[in-house]
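>>> Build the 3D model from these lines:
(one chain, ligands or ions: 2)
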Amino acid sequence: MTIIRIEKYGAWTLTLGSDREAQIQMLQARIYYDLQKLFNNLNCIVYFNRFDEYFSITNGLSLNDHIFIHNKLKSKYDKLQISMTIGIGKTPLKANNNAHNARTNKSYLDKKYLIFGIRSSLKEKNKDFLDKQKKIIIKDNKISIIHVDVDSSKKINLEKTPFEMTCNIMEIYVNLIRQFLKYDGLTFYLGGDNFMVISKIMKKENVKDIIDSVSKKLNVNLNCGIGIGLNSRKAVECATNALDKIRRLRDKGNDEYIYEVTWLQL
Ligand SMILES: Nc1nc2c(ncn2[C@@H]2O[C@H](COP(=O)(O)OP(=O)(O)OP(=O)(O)O)[C@@H](O)[C@H]2O)c(=O)[nH]1
Ligand SMILES: [Mg+2]
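Numbers count the residues shown, from 1 in each chain. Ligands and ions are numbered 1, 2, ... in the order given. Alright, predicted model coming up:
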């Protein structure tokens, strides 16, 4: 994964004066748009983390791909310093921890472009990812992304006020974060009633246990599409496709709420 961060952002925002909040929000929305577009073109997905920091699931990208994106961003946001930290690990949580270590130890992969990462943590075959222009796709490097969605939230919307609904969604978010973290998965909120979990390949019954426990605790029904692919864009597409399949099955009277779609071609 790659964690993209706007550096020295707090200090820079002060230069905008006190009437700055709307400007900051507009800028962040633009940066998010650009990041999503640039990474999507290279078959990756981006999640806004706290808007001064974004996570992209970048399996299969080379260091030069990162430099390419960095240059595009630099040409648009020349007043901002943007760093990227590449984290590698067998699970998403381990990749996050690896990225954190690289960042705190100032372990540069490319100092000029502010790209951090720990070379020694890479296995030989993974080193090629970062050292060469050529993309190397490791066949057994499957990415699993889980798209979780509240069942019939529009109906619940009619009973609850908009802000009560927000409160419920945030409760679901926190509970999904905590439960999936036990399996080293990272959950992100996408908007509406949608969440995505970057997970290792999990057993369906473990996913079911989590979904059942959160559903029971918060008295909601959650649908869950599991997507497995060789890059994050494909895994996301499969996960959403699985969710759509659940909706089609539901319309035929089937009450399946966890479904998996796998696509292992490039
Ligand atoms: N990010 C994201 N948001 C979506 C997606 N589909 C719907 N939404 C958002 O979620 C809200 C609720 O839509 P739905 O989930 O389709 O509505 P629902 O009543 O819960 O219907 P079901 O999920 O089919 O039970 C919408 O208003 C959108 O904001 C999606 O694929 N991705
Ligand atoms: Mg829904």
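>>> which parts of the stretch 101-250 of the chain sit against ligand 2?
149-150, 153, 193 (CB under 5 Å from the ion). Quick note: C-beta positions are derived from backbone N, CA and C, even for glycine.
>>> Can you flag which of the residues you listed belong to strands?
Counting by DSSP state E, the part of those found in strands is 149-150.
>>> Report the buried members of the residues of the stretch 101-250 of the chain next to ligand 2.
149-150, 153, 193 (16 or more other CB atoms under 10 Å).
>>> Kindly identify which of those also come near ligand 1.
149-150, 153, 193 (CB under 6 Å from any ligand atom).
>>> Quick one: end-to-end distance for stretch 186-198.
By CA to CA, to the nearest Å, the extent of stretch 186-198 from end to end equals 5 Å.
>>> rewinding a little: which members of the residues of the stretch 101-250 of the chain next to ligand 2 are the farthest-apart pair?
Farthest pair in these (CB to CB) is Asp149 and Ser153. Separation: 7.9 Å.
>>> and for these two, which residues touch both?
Common contacts of Asp149 and Ser153 (CB atoms under 8 Å, 6 or more residues apart in numbering): Asp193.
>>> Quickly find the element holding Phe195.
Per DSSP states H and E, Phe195 falls inside strand 194-199.
>>> Return the set of buried residues in that strand.
194-199.
>>> Please convert those to TSV, extending it with distance to Val207 and pLDDT.
Output for the buried residues of strand 194-199, formatted as TSV (distance: CB to CB, whole Å; pLDDT from 0 to 100):
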residue	distance to Val207	pLDDT
Asn194	16	98
Phe195	13	98
Met196	13	98
Val197	9	98
Ile198	13	98
Ser199	8	97
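>>> on contacts alone, who are the packing partners of the strand holding Phe195?
strand 143-150, helix 162-181, strand 186-191, helix 232-251 (3 or more CB pairs under 8 Å, 6 or more residues apart in numbering; DSSP states H and E).
>>> Including mean pLDDT, could the ones you listed go into a markdown table?
Output for those, formatted as a markdown table (pLDDT from 0 to 100):
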| stretch | mean pLDDT |
| --- | --- |
| strand 143-150 | 97 |
| helix 162-181 | 97 |
| strand 186-191 | 98 |
| helix 232-251 | 97 |
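>>> out of those, deepest packed?
strand 143-150 (a mean of 25; mean count of other CB atoms under 10 Å).
>>> Just want the angle from it to strand 194-199.
150 degrees (axes from the mean of the first three to the mean of the last three CA atoms, to 10 degrees).
>>> Tell me what angle strand 143-150 forms with strand 186-191.
50 degrees.
>>> In PDB, please show the C-alpha coordinates belonging to strand 143-150.
Provided in PDB are the C-alpha atoms of strand 143-150 (Å, rounded to 0.1, in the frame of the first residue of the first chain):
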ATOM      1  CA  ILE A 143      -5.900  -8.700  -3.000                       C
ATOM      2  CA  SER A 144      -9.100  -9.100  -1.100                       C
ATOM      3  CA  ILE A 145     -11.500  -6.200  -0.700                       C
ATOM      4  CA  ILE A 146     -14.800  -6.400   1.100                       C
ATOM      5  CA  HIS A 147     -17.600  -4.000   0.200                       C
ATOM      6  CA  VAL A 148     -20.100  -3.700   3.100                       C
ATOM      7  CA  ASP A 149     -23.400  -1.900   2.700                       C
ATOM      8  CA  VAL A 150     -26.400  -1.400   4.900                       C
END
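>>> surely Leu230 meets Ile57?
No - in this structure, Leu230 is not within contact of Ile57 by CB atoms under 8 Å, at 11.7 Å.
>>> shared neighbours, these two?
With CB under 8 Å, 6+ apart, Leu230 and Ile57 have common neighbours Ile143.
>>> Pick out whichever of the two has more residues nearby.
Ile57 (26 against 21; other CB atoms under 10 Å).
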